[in-house]
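K.L.:
the following comprises the amino acid sequence and a computationally predicted model.
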Amino acid sequence: MKNVVFWTGIKNMKPNMVEKYGGYEWMDISKKSWEYWCKKNDCIFYHYENPSEEDLIEFRVTWQRWFDVYDELERNNIDYNKIFVVDACSIVKWDCPNFFDLCDNRVTAWLDKDNWGWIYQSVIGYKQFFKEFGYELSDRNMVNNYINAGAVIINKNHKEFFKSLKEFYYENKDRLVSLQDKEVVKGTDQTPFNYWLQIKNVEVNTSLPFGYNLTHMHRKEMFSHNWQDGDDKTPFFIKEGNKESLHKTYNKAIDFALENEIDNLVLVHDDVILENFSEERLEQQLEKFDVVGCAGTTEVKLEKPALWHLMGGGFGSGNLFGAVAHGDTDEKHMTAFGPYPKRVVLLDGVFLAIKRKVFEKIRFDESCPSKWHFYDLDYSMQCHKAGFKLGVGDILVTHNSPGLTSFTDEFNKGQEWFLNKWKSK
């Protein structure tokens with residue numbers, strides 16, 4: 001008996017729906033993330049793709065998932081324990097802990113606090129409908145206990161609840177469709193689902209940290225940054241959510257690639273736009289080099305300041321190669337170091353593509369005291385010393401960052417570590 005991720009991945013291929021959702025490439029990305037997570041945590045990934053009702057207007061996918069979930073698993077002889085019913089618009093982080101371990105036998109979900117106005121209007125919009133059946137619930141209780149229906153963990157104990165929800169929907173389908181599409185127009189199943197949970201006195205566990213279900217991140221200002229940090233514009237959700245160094249994070253990516261038999265690994269900053277990237281272009285560059293970057297140097301003099309272009313002799317030295325644009329989608333400028341492709345000994349870490357034969361042997365050195373610096377220079381030195389070919393390839397990126405603007409204590413500590421490590425070799 002295993003836990004199941006019941007992934008709602010139904011693609012409505014009608015032209016107007018394809019256009020509405022911008023195609024479905026995002027859904028394929030979501031699927032891959034959940035497949036990996038399930039394999040890692042010994043869970044069953046179940047792709048829900050064939051709803052029992054063909055009419056997706058009167059029977060929206062969001063409704064049908066609740067009606068079909070148990071039948072689907074039992075029809076396929078899946079011996080399930082807990083079931084995580086999750087939307088296809090979700091992406092799970094590869095190192096997300098196994099949240100099933102945090103659940104008991106109650107329904108487990110996350111309170112929805114993204115848009116109080118929308119939630120209140122939706123609750124009020126359905127209030128009279130449920131009142132007609134003799135169900136009169138407190139508006140305050142409804143809003144305060146309102147959960148997000150896109151990520152809900154259930155089990156066999158709740159089978160009768162969902163059976164009653166299905167019966168209620170079929171008996172009142174026309175009225176519910178009218179409410180959701182013409183009268184209230186606030187979502188589909190979510191508010192009636194919340195009403196039914198409270199009507200049936202279903203106890204819901206909402207104690208799991210909200211970090212397991214981050215939605216509408218812009219409403220929480222998680223893309224904003226601390227203006228008091230000067231030039232550091234790192235968003236809150238990255239700076240506060242990930243305390244690990246790039247060395248450690250990139251090693252996790254290497255572990256992921258090794259476990260999944262991936263041939264080539266691309267490591268790129270989160271504030272980078274890939275301008276001319278394609279798998280075909282990448283493979284062409286990796287035919288020439290074992291590690292590919294956008295900029296680098298053919299010479300290295302280990303000295304302060306330990307910046308790759310300065311240790312390479314600086315502009316005009318003839319040792320620098322590649323190009324990187326800086327700016328955003330509205331305005332950008334190009335920093336041209338020199339012609340490429342070119343074999344080098346040091347690469348800038350804004351973009352690194354690495355062959356499997358390299359990352360099977362070379363890892364990032366997590367002993368570096370600087371979390372965000374020298375991971376690239378040290379990795380380059382390791383690869384060069386091991387005899388691998390490093391090169392600047394035909395990969396153009398735009399970096400939405402000015403780069404290093406001051407020598408912080410963290411940078412200085414990393415600089416001492418890097419120079420001491422490699423001057424002794």
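P.N.:
Yep, that arrived. Numbers count the residues shown, from 1 in each chain.
K.L.:
how much space separates the residue lying closest to residue 65 once chain neighbours are set aside from residue 221?
P.N.:
Residue nearest to residue 65 in three dimensions, not counting chain neighbours: residue 8, with 5.0 Å by CB to CB, 6 or more residues apart in numbering. Placement of C-beta: from N, CA and C, glycine included. Noted for residue 8: a distance of 29 Å to residue 221, by CB to CB, to the nearest Å.
K.L.:
higher neighbour count, these two?
P.N.:
In terms of neighbours (other CB atoms under 10 Å), residue 8 is the more surrounded of residue 8 and residue 221; the figures are 23 against 11.
K.L.:
got phi/psi on the more buried one?
P.N.:
Its backbone dihedrals place residue 8 at phi -80, psi 90, with angles given as degrees, to the nearest 10.
K.L.:
pLDDT score assigned to it?
P.N.:
Among the per-residue scores, residue 8 holds a pLDDT of 96.
K.L.:
let me know whether it touches residue 87 as I believe.
P.N.:
Yes - the pair residue 8 / residue 87 is scored as a contact, 5.7 Å apart, by CB atoms under 8 Å.
K.L.:
where does this protein have low pLDDT?
P.N.:
Low-confidence regions of the chain, defined here as pLDDT under 70, cover residues 220, 226-231, 236-243, 328-329, 402.
K.L.:
ok, now with 80
P.N.:
Counting by pLDDT under 80, the chain contains low-confidence residues at 217-244, 270, 328-330, 401-406, 424-425.
K.L.:
and it, what are its domains?
P.N.:
Per the record's domain assignment (automatic domain parsing), the chain is made up of the domains 2-212, 227-423.
K.L.:
in which helix or strand would I find the residue nearest the centre of the chain?
P.N.:
With distances taken as CA atoms, centre = their mean, the chain has residue 91 as the residue nearest its mean C-alpha position (4.9 Å). In the assignment (DSSP states H and E), residue 91 maps to no helix and no strand.
K.L.:
now do the contacts for it.
P.N.:
Residue 91 makes contacts with 29-30, 33, as judged by CB atoms under 8 Å, 6 or more residues apart in numbering.
K.L.:
how about residue 148?
P.N.:
Taking CB under 8 Å, 6+ apart, we find residue 148 in contact with 109-112, 190, 213, 215.
K.L.:
got phi/psi on it?
P.N.:
Comment: the main-chain dihedrals of residue 148 come out as phi -80, psi 120, following degrees, to the nearest 10.
K.L.:
do the same with residue 301
P.N.:
Torsion angles at residue 301 (phi, psi; degrees, to the nearest 10) stand at phi -120, psi 110.
K.L.:
also residue 343?
P.N.:
Residue 343 has phi and psi values of phi -70, psi 140 when expressed as degrees, to the nearest 10.
K.L.:
ok, residue 141 next?
P.N.:
When quoted as degrees, to the nearest 10, the phi and psi of residue 141 stand at phi -60, psi -40.
K.L.:
residues near the closest residue to it other than its chain neighbours, how many?
P.N.:
Computed as CB to CB, 6+ apart, the closest residue to residue 141 that is not its neighbour in sequence is residue 198, at 6.9 Å. Burial of residue 198, expressed as a neighbour count using other CB under 10 Å, amounts to 17.
K.L.:
swap in the one 3 residues further on?
P.N.:
Other residues within reach of residue 201 by the criterion other CB under 10 Å amount to 7.
K.L.:
what about it, distance to residue 378?
P.N.:
Applying CB to CB, the value for residue 201 to residue 378 is 59 Å.
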